[in-house]
Each structure stands twice: as structure tokens, then as C-alpha cells.
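Participant: take a look and give me a structure for this.
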Amino acid sequence: MFQNLTDRLSATLRSITGKSKLTEDNIQSALREVKTALLEADVALGVVKDFTNQVRKRALGTEVKKSLKPGQLFVKIMTHELTQLMGSEEATLNLKCQPPAVILMAGLQGAGKTTTVAKLGCWLKLHEKKTVLVASTDIYRPAAIEQLSILAQEAELHFFPSTIKQLPKDIAKAAIAEATLRHYDVVIIDTAGRLHIDDDMMHELKALQQLINPIETLFVVDAMTGQDAANSAKIFNENVSLTGIILTKIDSDARGGAALSVKFLTGKPIKFLGTGEKNNALERFYPDRMASRILGMGDILSLIEEAENNIDSKKVDKLIKKIKKGKSFDFNDLKEQLLQMKKMGGIASMLNKLPSNMIPAHLSMNSGQLMQDKSLVRMNALIDSMTPEERSNPDILSGSRKKRIAAGAGADIPAVNQLLKQYKQLSKTMKKIKGKNLNSLMNNMTGTNTMSFNSRR
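Facilitator: Next up, the predicted model:
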């Protein structure tokens, strides 16, 4: 996520952090680099000018001149101004109304709006403990209604059926009536997208908004379109009166132009980030945490929250008791740890949230050697190819067994040997931490060369 921008800005900040004195010249030089990095990230020119002017103004102020560590204070100023640019503080969903709370979703075709409806419903169910009904008023795109029906079923959400023969306003009214009758907390209304902004689309959306009076109108936009994402959000807001933005495909966006431009251009906050294809791949947007990520300082808070939400503490406790009793760590245990990592978004997701100076060079996003979670899939396939006896007792893996396991997983013998090597490293770690507390265990469990980073720092 935003890797190119992060690398450029991190290098610029490193060059100025150690300065014992900040002058107009070295500030100007640093800001030139910052400006270039932002423009290359497809941030709108007006946004770049405003941001760099604010940083320059504060960096040349009395506050910095009197500081004993002006270089570090410059970094603090950059972080603060970047946070302000993206919204200063977290924007939450407004659900304070007589149920059902109506959420209207808008956006262009291809932005991932329908999948985001399911993700948002899943997020509300999981994090807010809300009962959710979803409905589609998209009578134009082939199979749009069926798509939402399938996604709702996968996310275990309630779906309000509709057909292309109905009018969007009739579908929305009927869905809200159903939600009221059945006492749902929230109803999310999906709308039709277009390949481009047109008058018919805006008229229909405005009429629908006026009819159902949603408490939230969220604009879903593809982050990978950069400045265009912010500009389309601006046009929608001028016509429909948005309450917030959801940026999708953020995990594939190496630039960051949309995230840094959209709040400035629309005045509306980013509320969520779409971080993947799965129903749980939706994150709350925290401007301060995103600023920290962009500047290469990581987002440890989000990483901890993901661990709390996804790691099964009962299974961890069971593993701790097993190790304390002197029993060996086996492939069944390793498979469970791979599953826990997958729930947290995999290696790439975890790397995105670590400070750049904690990520080893061989796992750098730009090194071309990042496994992209393929290694986790391969390791899992190899373990699945083993017999129960082999999983419980890895020492019996002879040459013929390795050959059979490799063939069953569609891999080769070196892949099996690599898995064994990684298993042995982790098994040794487990023996060393016998009797230690949970935090120590979790830190060490992420110490192998595939699973995380501690042993490589």
C-alpha cells in the first residue's frame, strides 16, 4: 500500500532527522523532494501546494527554532499535517436514529460498490452487532441483483429480493418497509453505477436520496484511479450531498493519490478502506494511523486490533499448555498458525502495518521477493498432503514420503525440505520459550523467516 510514496518520503525524512539545525535551504530541499513524491503519487496539485506550504510555515516557525531536536520536530510536523490533510480524526458511521438506519451506497461502475455493500454489512454485524438487510436497486447492470444476493449469502446477511422490472425507488421503499417490519437495525441500499458520470445517473440518485432520506450516503471509489477518484467524489458530492467516502482496492494502490486528495477536494471524510476481496476485508479509516504508515512508521495499533479480532486465544492457550507439558510442536500446530496468519490478511497485510525499518530487505515490497502469501498456500498444501501420522511426527519423513508429499501438493522435494527447515526453526523457538507468557510466545511464534520478522531485525 502506497509503497513508492512511503519509500520516497521515508528517505527524505531520514535525510533531515539528524539535522542539528533547520534552515530555509534544507527545509526547501526536503520539501522539494516531498512535493515530487506527492505529485508522482498522483496527488492533486492544489493539495500538494497547500500541504507543503503548511509544512514550510510551521517548520520555519519559532517552535522549531527553539527545539533541541529540530529534525525530529520536522517529522512530527509532517505527520500532523498529513493527518490534517486526510481528516484530522477518525470519522465514524452515524447510526443514531430510529431503526432501521438507512445507508445509501453510490459510485461508478467497477469501483467495487456491490462487494463493498456486503463488506460493510459484514463489518456492522461483526463490530457493531447490528442486524443488516441489504437490497439492490441496480436494474441496469446484468446480474447485479443476483451478485448482491450471492455476496449476502456468503456474508450471512439478510437479502431483500428485487427484479429488473421494478423501479429503483419502489425497491428501496419496499426494502426499508421490510427492515422496519422485521426490526432490522440497518438497511443498506445498493445503487446503479455507470462507466462515467452522467445526468441520468445523478437525477436518479438525487431522487432516491430525497425519497428515502438516508442517514448515511457513502461514495465508493477505486483508490487506484488516483486524482480521478477524488474528482469524481467531488462531482458526486456537489450533486448528492455525501456523508463519507469508502476507498476500495487500497491494497493494490502503490501511489496513494486518492487517499491524500479526496478529503481536501470534497470536504467529506474517508470512513472505510477496502483492503482485499474477502467479506472481512474492510477497515475503519484512521487518518493518524494512515499518516504514520505513509511516512514509514507503521501502524502497530491496527496490527494489534487485527490480532485481537482474528487470533483464537483458546487455541493459543491450548498450544501454550502443550508446550509447557514438554510435548513437541508438530505440523498440526504449524498449520493452525498459518490459518491464523491468513485470517490477519497474510504476510503482505502485516508488512503494510510494520515500520519500514523493521522490515528486512529480503521482504521489502519492492524487492520482488515478497512471497505474496503464495508460500503460505504452498506450505498449507504440503501439510495437507501428509498423513495424520506424518503431521504428528515429522521425524519419520523419509525420502519416499517426501516424494509422495511433494507430488500430492503439486510441488517438488526441495519445497518439502524448505518446509521441514522452517518447521525445525520454529520448533526450536518453541522449546526455548517453554514456560514464558503469552506475549512472549506470540512474539517468538512470528520469528521464522516465512511467518514474520522478529528474528530478522
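Participant: so who does Thr92 touch?
Facilitator: Lys271, Arg284 (C-beta atoms under 8 Å, 6 or more residues apart in numbering). Bear in mind the C-beta positions are built from the backbone N, C-alpha and C, glycine included.
Participant: list phi and psi for it.
Facilitator: When quoted as degrees, to the nearest 10, the phi and psi of Thr92 stand at phi -100, psi 160.
Participant: tell me the pLDDT at it?
Facilitator: According to the model's per-residue confidence, Thr92 sits at a pLDDT of 85.
Participant: name the helices or strands packed onto the strand or helix carrying Ser427?
Facilitator: Assessed by DSSP states H and E, Ser427 sits inside helix 413-432. Under the contact criterion of 3 or more C-beta pairs under 8 Å, 6 or more residues apart in numbering; DSSP states H and E, the helices and strands touching helix 413-432 comprise helix 331-343, helix 374-384, helix 399-409, helix 438-445.
Participant: may I see the buried residues of it?
Facilitator: Ala415, Val416, Gln418, Leu419, Leu420, Gln422, Tyr423, Gln425, Leu426, Ser427, Thr429, Met430 (16 or more other C-beta atoms under 10 Å).
Participant: go on, stretch 212-228?
Facilitator: In stretch 212-228, the ones that count as buried by 16+ other C-beta under 10 Å are 212, 214-228.
Participant: and if you look at stretch 380-400?
Facilitator: For stretch 380-400, a neighbour-count test (16+ other C-beta under 10 Å) marks Asn380, Ala381, Leu382, Ile383, Ser385, Met386, Glu390, Arg391, Pro394, Leu397 as buried.
Participant: which residue packs closest to the second one, ignoring adjacent ones?
Facilitator: Nearest residue to Ala381 in three dimensions, chain neighbours excluded: Ala409, at 4.0 Å (C-beta to C-beta, 6 or more residues apart in numbering).
Participant: if we can go back for a sec, filter the buried residues of stretch 212-228 down to the ones in strands?
Facilitator: Restricting these to those inside strands, with DSSP state E as the criterion, leaves Glu216, Thr217, Leu218, Phe219, Val220, Val221, Asp222.
Participant: still on that earlier bit, how far off helix 399-409 does the helix holding Ser427 point, in degrees?
Facilitator: Going by axes from the mean of the first three to the mean of the last three C-alpha atoms, to 10 degrees, helix 413-432 is angled at 110 degrees with respect to helix 399-409.
Participant: ok so, going back, turn the ones in strands among the buried residues of stretch 212-228 into a markdown table, columns for pLDDT and distance to Glu40.
Facilitator: Formatted as a markdown table, the entries for those read as follows, by pLDDT from 0 to 100; distance: C-beta to C-beta, whole Å:
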| residue | pLDDT | distance to Glu40 |
| --- | --- | --- |
| Glu216 | 95 | 34 |
| Thr217 | 95 | 33 |
| Leu218 | 95 | 29 |
| Phe219 | 92 | 25 |
| Val220 | 92 | 26 |
| Val221 | 89 | 21 |
| Asp222 | 88 | 19 |
